[in-house]
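Asker: structure of the sequence below:
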Amino acid sequence: MAESGGRRIGVAVDFSECSKKALNWAIDNLVREGDYVILITVAPSMNYEEGEMQLWETVGSPLIPLSEFSEASVMKKYGVKPDAETLDIANTAARQKSITVVMKIYWGDPREKICEAVDHIPISSLVIGNRGLGGLRRMIMGSVSNHVVNNVACPVTVVK
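Answerer: Just a heads-up that it's a prediction; the model follows:
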């Protein structure tokens, strides 16, 4: 992924409306030809016994090419179900903008894992949606976007 000129743009996706808005915003406003768009998704913890899956639980999945994460059978082994609209947005952008789209899956707490992704991939800039939780829920659960903004070294765009 180190080809010259291609920036690594991370987009945190959980397949909610707000993450689709963030993905669309990144494609419309940030991404340019030759960029790598890494869709970062965090699934709940896994319950697998297999050694390979245990490794992934710590470091995240390998980078999964768009052609593979568009196939339900491939994603089933990761326990992640991308929705048709997110796949359509990614496939259309890859074609129209000449970009490379890959997915990286982590398991655990989204706040921690998105921060890890920024450092480990590494990502030059991150786009994340803001669910707009009410004040009380945000206080109890903590805002993922707020945590990420305050704990990563790269620029972060929060899409409302």
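Asker: helix, strand or coil for the spatially most central residue of the chain?
Answerer: For the chain, the residue nearest the mean C-alpha position is Ile40 (1.7 Å; C-alpha atoms, centre = their mean). Taking DSSP: H, G, I helix; E, B strand; the rest coil as the rule, one finds Ile40 in the strand state.
Asker: for this protein, which element, helix or strand, carries the lowest mean pLDDT?
Answerer: In the chain, no helix or strand scores lower on mean pLDDT, DSSP states H and E than helix 135-141, which sits at a mean of 59.
Asker: buried set for stretch 33-47?
Answerer: Asp35, Tyr36, Val37, Ile38, Leu39, Ile40, Thr41, Val42, Ala43, Met46 (16 or more other C-beta atoms under 10 Å). (Glycine included, C-beta is placed from N, CA and C.)
Asker: could you tell me how many residues sit around Val148?
Answerer: When neighbours are counted by other C-beta atoms under 10 Å, Val148 registers 23.
Asker: any idea which element it lies in?
Answerer: Following DSSP states H and E, one finds Val148 within helix 144-151.
Asker: okay, buried residues for the helix or strand following that helix please.
Answerer: Next along the chain after helix 144-151, taking DSSP H and E as the criterion, comes strand 156-159. Residues of strand 156-159 classed as buried: Val156, Thr157, Val158, Val159 (neighbour count, 16+ other C-beta under 10 Å).
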